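J.: here's my sequence, what's the structure:
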Amino acid sequence: MGLTIRPSNPSLGAVGRAMAAGRDDLVKEWCAWIMRRTAQAHPHLHRPILERQLRLLVNIVILLTGPVRRQAAQLWFDSCEYYGRASAGRGLAAGEVVEELLHLRELLIRSLSDIIAALPARYSLAAVLRLNRQVDHGIARAVAGYTEALVETLFAQNGVPEAVPELPDTESVKRLEHLEAELERVRDAGRVTRDA
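T.: Purely as a prediction, here's the structure:
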């Protein structure tokens, strides 16, 4: 048996604080990249809803570095699955959904490089591996959500391929509100844990 590499709670906390400090810039940069990338193919993309989805994902990634990371993991999976379903409605290919979430990894690496480099080597490697693993799990769930949306459409059309209908804005907003409420519940649990 080899040595298990685990990030320390202080190192994860430092990574989480750095992400929280750069959250708004990270969301704006990620959203701008997606908008530029999809402008011609998907001119009807609603930026406010996309930005809200991305902010939700970034907020959950921040929670994945704190004391409620186990509770936040299920929310991460659910939110990524929803992102995959919504991406199918936007008319993306499965690979494009993967690319959009991989871009989050790139942005995280760039924005966290200074804090990661300042940590002791053993903890910095463990923190990076943990974040990478969470993004990978999120990508897998997004692809699962994307695939489920396609399969549901095939069954609804008696096996005749047809584009996945985009969720109406009201339905997207309703789903986002539900996930955001769950995010607040997990955050509150974290506050209680910290205060105890």
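
J.: surely residue 186 and residue 69 touch.
T.: No. Taking Cβ atoms under 8 Å as the definition, residue 186 is not a contact partner of residue 69, at 9.6 Å. Glycine gets a C-beta too; all of them are placed from N, C-alpha and C.

J.: and the next helix or strand past the helix or strand where residue 151 lies?
T.: Under DSSP states H and E, the secondary-structure element containing residue 151 is helix 121-156. Next helix or strand after helix 121-156 toward the C-terminus (DSSP H and E): helix 169-195.

J.: count the neighbours of residue 111 for me.
T.: Residue 111: 18 surrounding residues under other Cβ atoms under 10 Å.

J.: so it sits right up against residue 26, yeah?
T.: Yes. Here residue 111 lies in contact with residue 26, judged by Cβ under 8 Å, at a distance of 5.8 Å.

J.: what count of nearby residues applies to the closest residue to residue 103 other than its chain neighbours?
T.: Nearest non-adjacent residue to residue 103, counting by Cβ to Cβ, 6 or more residues apart in numbering: residue 33, 5.8 Å away. The number of residues packed near residue 33 is 16, by other Cβ under 10 Å.

J.: now the residue nearest the centre of the chain, nearest residue through space, not along the chain?
T.: Centroid-nearest residue in the chain, with Cα atoms, centre = their mean: residue 57, separated by 3.4 Å. Closest residue to residue 57 apart from its sequence neighbours, by Cβ to Cβ, 6+ apart: residue 79 at 5.9 Å.
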